[in-house]
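Engineer: next comes the sequence, and after it the predicted model I'd like to discuss.
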Amino acid sequence: MNFSNITWLDDRGHIKPPLFLYLILVFLARGWCIFIASLTQFNDRSGLVRLLYPEKSDFILALITGVGAVLIYGLIIAERKRSWPILMPLFRYSGWLLWGLLIVDGLFLFQRMVHDDYLFKISYSIDALFLFWSVIYVFKSKRLYYYFADWTADDTAVKVETSSDDEIK
């Protein structure tokens, strides 16, 4: 049988994380991305942050939302390596955490619009559009649903068993 047309699975038969999940996580952690990018500027470290987040409270709220996205990214790395089986229950609820982060980001977007007295800004519209598509993707994606249910105790037990057999040889 030829299974080369199945792109969801990796070499071990586990579901690979969708690319759009990574894009959603970068979107939710954009405050941290801007913070890290601002550290590379030598003359004015806060210039980039002030350009994208004129209100300091908006930047702090973006950092708060980004902590959850970084946590989910860490869980994805642990799942891909199938290490640390203690994180397995947290990984199973990552979908719900992702929903919570999208809702919190939507509330923070609304608060930023209130700060600007509901004036139109292109950044708000791009954020709202990406948030809208992210919500639709998380709601409708079967691959994402199956991905969050893919890490089971059997997989971890097989990996531990295989690595112990390799050490004996």
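Structural biologist: Alright, I've got the coordinates. Here the structure is a predicted model, which is why all the values come from computation and not from measurement. Numbers count the residues shown, from 1 in each chain.

Engineer: leaving out chain neighbours, which residue sits closest to residue 147?
Structural biologist: Nearest residue to residue 147, sequence neighbours excluded (CB to CB, 6 or more residues apart in numbering): residue 15, at 4.7 Å. Using the backbone N, CA and C atoms, a C-beta is placed for each residue, glycine as well.

Engineer: ditto for residue 71
Structural biologist: residue 97 (7.4 Å).

Engineer: is the one you found in a helix, a strand, or coil?
Structural biologist: helix (DSSP: H, G, I helix; E, B strand; the rest coil).

Engineer: model confidence score at it, please.
Structural biologist: Note for residue 97: predicted pLDDT of 91.

Engineer: next: residue 130.
Structural biologist: Looking at residue 130, the pLDDT reads 94.

Engineer: ok, it - contacts?
Structural biologist: Contacts for residue 130 (CB atoms under 8 Å, 6 or more residues apart in numbering) come out as residue 27.

Engineer: next, it: secondary structure please.
Structural biologist: Classified using three-state DSSP, residue 130 is helix.
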